[in-house]
Structure formats: C-alpha cells, structure tokens
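Q: Pasting the sequence and the predicted coordinates here, then a few questions.
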Amino acid sequence: MPLTISREPVRQAGVIALLEQSDAYMAALYPADSNHLLDLASLEKPEVSFLVARNDGEIVGCCALVEAGDGTAEIKRMFVAPNARGLAIGRRLMEALEETAHAMGLSAIRLETGVSQPEAIGLYRRFGFEDIPPFGSYRPDPLSLFMEKRLLG
C-alpha cells in the first residue's frame, strides 16, 4: 500500500504516539515559552483540518490546518516520524495542506516554526513561504520564525 494522506480523527493511538514524539522533540529544542503546540482537544475543534500520512498503513506523519476566521489558516503540528524521514512525506503533507487551503478558499497560509529546524524551514521556503512579522496572538521570539504563503484565487 503506498503513501496515503487523508483527514482522520486525532484521537487514535498512532496519532497520539506521533504527537508525543513531536512534543519530546520540540521540548529538546526549545524552552516551554517558545513551544506553541496545540493539545488534542484543540486539534478536534471544527475549524481544524487534521491530516494523517500513512505509509503501508502505518501512521508516519501529521499536520493540521487551523482556520483563523479571517480568510487565512495556520499550519500546526506538522511532524514526520524520525523513522520515516527522507521519504518526501513532509512534501506530500504540504501538498495536501495547500489543496485543503485552496478548497476552503483561503487567501493565505501562515505558520510559526523554530529557528533550530533547518529542514522544516527549507521545506516551507521551497513551497513559497516568506518571512512575516508575528501574527495572531504570537509575540516576537528570537527562537521563532513566522512565515506566510499567499494563495491565488
């Protein structure tokens, strides 16, 4: 079975385990004040599109698109399991996020990522994301990078 990406519920063992790996990874890189992770309940809200990547049926990646209510949405909880890196899963998740954003009629996708994640930053730049000032409730943080991609109608 090839790689699949689809909307799935957050509350399933494989997703929870992946999010726990993500939490541990982020905690190893950044202090708590610089981690802006959404919990399970926040990921289950109606304004969230939660995508799961499966490779041969195994959950290997996830991401969420959270509508801001102003025609934009934010990418949250983008993570690929360490044992699945190098398989272009991040690229495929980004393609799925963009398809979802276009289907929703959004004008832009935004994100906050950490400065100690060069692979993630490189992926976002390859997809056309550009640096912006902090948005929404974010405050300036030397450990954070804020990015946006404008979408064409």
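A: All right, it came through fine. Numbering: from 1, shown residues only.
Q: CA only for contacts and neighbour counts going forward, please
A: OK.
Q: and the longest helix for this structure?
A: Longest helix in the chain by number of residues, with DSSP state H as the criterion: helix 13-29.
Q: and it, what does it pack onto?
A: strand 58-67, strand 72-80 (3 or more C-alpha pairs under 8 Å, 6 or more residues apart in numbering; DSSP states H and E).
Q: how about TSV for these, with mean pLDDT added?
A: Below are the helices and strands packed on helix 13-29 laid out as TSV (pLDDT from 0 to 100):
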stretch	mean pLDDT
strand 58-67	97
strand 72-80	97
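Q: okay, these in a markdown table with mean neighbour count and distance to residue 17 next?
A: Below are the helices and strands packed on helix 13-29 laid out as a markdown table (neighbours: other C-alpha atoms under 10 Å; distance: least, C-alpha to C-alpha, whole Å):
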| stretch | mean neighbour count | distance to residue 17 |
| --- | --- | --- |
| strand 58-67 | 22 | 9 |
| strand 72-80 | 22 | 12 |
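Q: possible to save those strands as CSV with distance to residue 35?
A: Below are the helices and strands packed on helix 13-29 laid out as CSV (distance: least, C-alpha to C-alpha, whole Å):
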stretch, distance to residue 35
strand 58-67, 16
strand 72-80, 11
